[in-house]
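1. Need a 3D model of the following:
(one chain, ligands or ions: 1)
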Amino acid sequence: MKVSVKVPATTANLGPGFDCMGMALPIYNIITIEETVLPGTGIEINVISEDDTADELSLEHIPMDENSIIYKAVELLYNSIGQTPSELKITIHSQIPIARGLGSSASVIVGGLLAANELLGRPADEAALLSIATEVEGHPDNVTPAIVGGLVLTSSEEDGSIVYRKLDWPQEWNLTLCVPEYELATDISRSVLPKEVPISDAVFNAKRLAMFVHAIHTKDSKLMKLALKDKLHQPYRMKLVPGLEKIIENLKHEENVLGCVLSGAGPSVLIISEKNNLDRIKDIVKETWADLNIKADIYTLPVENNGAQIINLD
Ligand code: HSE
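-> The predicted model follows:
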């Protein structure tokens, strides 16, 4: 038997929602798991990348054996029903740019889990899949939207369960996703974060996150402009993302821009705007990075409201 799962990319944090907010985007990885019949063949993992900018180095970072995150996720699922995975061929068709803050690792974890769950006759429900995926990824803000789609507030509770709620993204607000050619590994981007932050910074983010939720519900652009700020992760990561400070500076006086945030752990940048000044925003970002000799792909995207789905490739 063979199962394929299509999983969306995700952008996490969205400014003030560090480790607790994320959104699915219409760029996809397809993960296929096939039970192989020959005993003793073990686990085989193949990655086929359609990311032109993924150099050999980035593909080398994806372990192809039992150390891979996809294997860990699949193994946890099998173990939860008292089994061990044995002969499996896993293929990852990768379109989500790797190490760019777009949830490529979350998509692989989620795709592997959903495919294995299907092969096993669906022993795990959504809650169990969310818990296992979060255990492997370490935080729920990419895996939750990858599984359920849309914009989500998500919390990993002390007992390992995941509590999430979907929020409706206002149609009036545009998303411009700017993906530079350089990579930034999530573990490096997390390593620069402090273990503790000043209480004033924690309060700053608590206020912004509350503003964010209210602004979404009421489509309040003025409030959203205040909400899309952060003091918990972006200031520390700025030095790892050449061009970000300048992009924020250059967009500061564009009145239709509501905010410019780091996508997940970076280095991609997400710009939230209203009305139709998208070409101007794209030009500003392209030119800013071009001044630093950095090439970038820039997309205008809607929110992907569907999460991961089983698909038929035959
Ligand atoms: N919330 C995570 C971070 C997302 O910012 O490190 C990246 O996986």
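
2. Going by C-alpha atoms from here, please, whenever you check contacts or count neighbours.
-> Noted.

3. can stretch 106-122 be found next to the ligand?
-> No. Stretch 106-122 is not in contact with the ligand by CA under 6 Å from any ligand atom; minimum separation 7.9 Å.

4. Kindly export that stretch (C-alpha atoms) in PDB.
-> Extracted C-alpha coordinates of stretch 106-122, given in PDB (Å, rounded to 0.1, in the frame of the first residue of the first chain):
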ATOM      1  CA  ALA A 106       7.000  20.800   9.900                       C
ATOM      2  CA  SER A 107       5.500  19.800   6.600                       C
ATOM      3  CA  VAL A 108       7.700  16.700   6.400                       C
ATOM      4  CA  ILE A 109       6.800  15.700  10.000                       C
ATOM      5  CA  VAL A 110       3.100  16.200   9.300                       C
ATOM      6  CA  GLY A 111       3.200  14.500   5.900                       C
ATOM      7  CA  GLY A 112       5.000  11.500   7.400                       C
ATOM      8  CA  LEU A 113       2.600  11.200  10.300                       C
ATOM      9  CA  LEU A 114      -0.600  11.500   8.200                       C
ATOM     10  CA  ALA A 115       0.600   9.000   5.600                       C
ATOM     11  CA  ALA A 116       1.700   6.500   8.200                       C
ATOM     12  CA  ASN A 117      -1.600   7.000  10.100                       C
ATOM     13  CA  GLU A 118      -3.500   6.100   6.900                       C
ATOM     14  CA  LEU A 119      -1.300   3.000   6.300                       C
ATOM     15  CA  LEU A 120      -2.100   1.900   9.800                       C
ATOM     16  CA  GLY A 121      -5.900   2.300   9.400                       C
ATOM     17  CA  ARG A 122      -6.100   5.700  11.200                       C
END
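
5. buried ones in that stretch?
-> Within stretch 106-122, the residues scored as buried using 16 or more other CA atoms under 10 Å are 106-119.

6. just stretch 160-171 next, same as before
-> S161, I162, Y164, K166, W169.

7. Could I get those residues in TSV, plus columns for secondary structure and pLDDT?
-> Formatted as TSV, those follow (DSSP: H, G, I helix; E, B strand; the rest coil; pLDDT from 0 to 100):
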residue	secondary structure	pLDDT
S161	coil	96
I162	strand	98
Y164	strand	98
K166	strand	98
W169	coil	97
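
8. Spell out the residue ranges of the helices in the protein.
-> 56-60, 69-80, 104-119, 126-137, 143-148, 186-191, 199-218, 221-227, 234-237, 244-251, 278-291 (DSSP state H).

9. quick one: contacts of the third one?
-> To tie it back to what came earlier, the one meant is helix 104-119. Outside helix 104-119, the residues that touch it by CA atoms under 8 Å, 6 or more residues apart in numbering are 1-10, 29-33, 69-71, 73-74, 77, 90, 92, 96-98, 123-124, 129, 133, 136-137, 142-143, 146-147, 308, 310.

10. and those, which are buried?
-> The neighbour count (16+ other CA under 10 Å) marks 2-10, 29-33, 69-71, 73-74, 77, 90, 92, 96-98, 124, 129, 133, 136-137, 142-143, 146-147, 308, 310 as buried among those.

11. excluding its backbone neighbours, what's nearest S131?
-> Residue nearest to S131 in three dimensions, not counting chain neighbours: S161, with 5.6 Å by CA to CA, 6 or more residues apart in numbering.

12. unless I'm mixing things up, that neighbour is touching A127, no?
-> Yes. S161 is within contact range of A127, at 7.1 Å (criterion: CA atoms under 8 Å).
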